[in-house]
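Colleague: Quick one, fold the following:
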Amino acid sequence: MALADFRKAIELDPSSALAYYQRGLTYQLMGQHENAVSDFDVAISLRPNTPDPYFSRGQSRFELQQFELAYDDFYIAAKRSGKSGRPGVRAWTYRGLSAERFGDPKKAARAYRRALQVDPHYKPALDGMKRLGVKAA
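Modeller: Alright, predicted model coming up:
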């Protein structure tokens, strides 16, 4: 039902980045990551300075095992989140996890360190550093 509502919203206002973003989230929850990425692409084209669609597109790309593309999306999401805390720390952490998945532990450690600059006690980033065998400090 949510998809039908978002389709109608997009039909009524095809310039609504929020409608595309929300429909992308719905596709994501349904495991339809290719469709989600397409909607996040449109949301980004309509509102390129908003971090959320980049983060969500990164999550779907991660699920599609497009780790290098996800890594780039998480960077943009982190930068657009600024020093706002939770969104930025999550984006940096996911960026580190993406780098781990495509086999670059140096990039992964750098991303985890950035997450820990925002929140020195963020467990997922600390866990990433531990997996890499690198000290968090």
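
Colleague: Output the below-cut-off pLDDT ranges for the chain.
Modeller: Residue ranges of the chain with pLDDT under 70: 83-85, 137.

Colleague: Show me where it has its helices.
Modeller: Applying DSSP state H to the chain gives helices spanning 2-12, 17-29, 33-46, 51-63, 67-81, 86-101, 105-118, 123-132.

Colleague: okay if I get the ones you listed as TSV plus mean neighbour count?
Modeller: C-beta here means a position set from N, CA and C on the backbone, and glycine is covered the same way. Formatted as TSV, these follow (neighbours: other C-beta atoms under 10 Å):
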stretch	mean neighbour count
helix 2-12	13
helix 17-29	21
helix 33-46	20
helix 51-63	23
helix 67-81	21
helix 86-101	23
helix 105-118	20
helix 123-132	17
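
Colleague: Pull the contacting residues for Glu34.
Modeller: Shown in contact with Glu34 (C-beta atoms under 8 Å, 6 or more residues apart in numbering): Ser60, Leu64.

Colleague: chain center to stretch 23-40, what's the gap?
Modeller: From the chain centre to the centre of stretch 23-40 is a distance of 13 Å (C-alpha atoms, centre = their mean, to the nearest Å).

Colleague: which non-adjacent residue is nearest Arg86?
Modeller: In this structure, Arg86 finds its nearest non-sequential neighbour in Asp119, 7.9 Å apart by C-beta to C-beta, 6 or more residues apart in numbering.
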